[in-house]
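>>> What shape does this take:
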Amino acid sequence: MYDLPNFNIKNADFKIPKFLKNRIFWGVVLIVFISSVFGFLSGIIYYSYFSPGADNYFSKLNIGIPQRETIEKQTVYLPQTSQEEAVIKVVNEVSPAVVSIIITKDVPILEQYYTNPFQDFGDFFGPEFLVPQYRQKGTEKKEIGGGTGFIVSEDGMILTNKHVVSDAEADYTVLTNDGKKYPAKVLARDPIQDLAIIKIDSNRTIDSEGGLILKKFPTAPLGDSDKIQIGQTVITIGNTLGEFRNTVSVGVVSGLERTITASGGGVDETLEDIIQTDAAINPGNSGGPLLNLKGEVIGINTAMVQGAQNIGFAIPANKAKKDINNVKNYGKIIYPLLGVRYVLINEAIQQKNNLKVDYGALIQKGENGEAAISSGSAAEKAGLKEGDIILELNGEKITTENALSKVIMKYNPGDKITLKILRDGSENVLEATLTEREQ
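Prediction:
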């Protein structure tokens with residue numbers, strides 16, 4: 001331990017600053033300290049008791065003041081991207097117009113009973129030798145399938161697939177998004193495309209003045225399927241597996257103008273100009289809408305590839321527009337008919353038949369000898385003959401990508417058309433009036 005020498009402050013070479021001896025200085029320090037304490041206490045009291053009232057007062061005066069940050073319980077999910085926001089918006093807007101279609105039918109009730117087929121031979125096989133047999137004991141209404149559709153008019157017109165409502169002996173019930181059930185009537189089945197239109201009726205009520213009130217159904221707007229781009233985002237909504245109503249899936253347009261052969265219910269059907277998508281389409285989704293991010297229906301889901309990973313197909317919405325207008329105007333779906341059998345010319349057909357052109361529709365007999373020109377048809381009346389090549393219809397060139405049937409579909413029965421044909425090496429122009437195709 002070190003010993004410190006005696007230290008006398010009086011004898012030390014140390015001087016106290018004059019300002020520390022000044023009473024005014026210490027008075028100022030005391031005032032500042034007291035003010036700080038009272039300011040801190042005032043702030044606590046204000047924010048605890050007076051701040052909410054002050055905020056309300058200034059809000060009524062419409063004076064902008066900084067808002068305090070508060071932590072509130074989040075009750076609504078906030079989209080993280082503009083695309084996610086668009087998808088959520090479309091689903092909320094269109095889902096009320098998407099319906100589930102329930103298919104029911106009277107099916108036989110089978111009763112099991114036992115008989116002894118050898119009873120005529122006595123008890124050689126024993127009295128307990130019985131074989132089960134079945135017999136019908138009446139019928140019962142039973143659900144045999146399901147699909148999807150969407151409402152296209154406020155009075156309850158619904159668009160779906162033909163294969164969903166193909167059974168003329170079945171009954172169809174529509175289940176709307178709000179859980180209500182409506183019996184549905186099939187108005188028309190498209191004879192060529194996998195489309196059908198059914199109808200439900202809204203509940204009728206009487207207002208206070210005795211007037212009839214019809215509830216308007218929510219509708220899904222149809223977009224322009226000719227403007228679809230490969231890679232654009234699409235949304236599907238459907239009654240997946242006939243069990244999970246209004247199931248949503250998202251994907252992109254994977255391809256356009258596909259031609260497929262769809263099979264189901266023992267029927268094979270060739271579909272042309274189909275949209276391909278990787279948005280999940282499962283059994284039960286048939287007839288549901290394929291939507292763009294604007295909430296417009298650009299396709300009607302119709303088929304999927306079994307065993308593949310999300311390869312689905314939809315019929316372009318523009319093909320359905322004509323069906324809807326036909327049903328509204330004529331009560332049925334009508335198709336124009338020229339009345340010719342033909343093969344589209346490509347390079348191989350040109351070389352095989354030694355033709356002068358590599359495009360157009362070559363009129364010829366069917367593989368089983370069917371007539372090239374239908375008797376009494378518009379083609380026969382116009383003077384078309386076997387071996388003629390139809391080059392253009394109303395100035396529109398006929399090619400493998402723009403088939404004659406595709407061009408004719410743009411017109412209606414009774415429309416007059418102009419045909420440019422090649423006959424014996426010379427071009428000719430003929431006029432024809434399209435007739436109605438028999439269904």
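>>> Against which helices or strands is the helix or strand where Asn92 lies packed?
Here Asn92, judged by DSSP states H and E, is contained in helix 82-94. When contacts are defined as 3 or more C-beta pairs under 8 Å, 6 or more residues apart in numbering; DSSP states H and E, helix 82-94 packs onto strand 233-240, strand 289-291. Where you see a C-beta, it was placed from the backbone N, CA and C, and this is true even at glycine.
>>> residue closest to the middle of this structure?
Pro289 (2.0 Å; C-alpha atoms, centre = their mean).
>>> For that one, which non-adjacent residue is closest in space?
Val297 (4.4 Å; C-beta to C-beta, 6 or more residues apart in numbering).
>>> Hmm, the one you found is touching Gly288, no?
No: here Val297 lies out of contact with Gly288, judged by C-beta atoms under 8 Å, at a distance of 9.5 Å.
>>> between these two, what contacts are shared?
By C-beta atoms under 8 Å, 6 or more residues apart in numbering, Val297 and Gly288 have these common neighbours: Phe150.
>>> Next, please give the residue ranges for the strands of the stretch 251-400 of the chain.
267-277, 289-291, 297-304, 312-316, 336-337, 342-344, 361-363, 389-393, 396-397 (DSSP state E, counting those that start in this stretch).
>>> What strands flank the last one, and is each parallel or antiparallel?
Spelled out, it's strand 396-397. Applying DSSP bridges, strand 396-397 is found paired with strand 389-393 (antiparallel).
>>> what residues does the partner strand touch?
Here strand 389-393 has contacts from 340, 342, 345, 355, 357, 359-363, 384, 397-398, 404, 407-408, 417-423, 427, using C-beta under 8 Å, 6+ apart.
>>> could you dump it to CSV, C-alpha only?
Provided in CSV are the C-alpha atoms of strand 389-393 (Å, rounded to 0.1, in the frame of the first residue of the first chain):
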residue,chain,number,x,y,z
ILE,A,389,-60.6,-26.4,-106.0
ILE,A,390,-62.1,-23.7,-103.8
LEU,A,391,-59.3,-21.0,-103.5
GLU,A,392,-61.1,-18.3,-101.6
LEU,A,393,-64.4,-17.6,-99.9
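>>> Spell out which residues make up each domain of the chain.
Domains of the chain are assigned by automatic domain parsing as 19-59, 98-214, 225-329, 336-436.
>>> What average pLDDT does the shortest one get?
Which is domain 19-59. The average pLDDT within domain 19-59 is 62.
>>> Likewise for stretch 185-201?
Per-residue scores along stretch 185-201 average to 92.
>>> distance between the ends of that stretch?
9 Å (C-alpha to C-alpha, to the nearest Å).
>>> what do you get for stretch 391-408?
Per C-alpha to C-alpha, the first residue of stretch 391-408 is 13 Å away from its last.
>>> Distance to Pro183 and mean pLDDT for the strands of the stretch 251-400 of the chain - can I get that in CSV?
Formatted as CSV, these follow (distance: least, C-beta to C-beta, whole Å; pLDDT from 0 to 100):
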stretch, distance to Pro183, mean pLDDT
strand 267-277, 26, 81
strand 289-291, 22, 95
strand 297-304, 22, 91
strand 312-316, 26, 92
strand 336-337, 33, 92
strand 342-344, 44, 92
strand 361-363, 45, 93
strand 389-393, 43, 95
strand 396-397, 44, 94
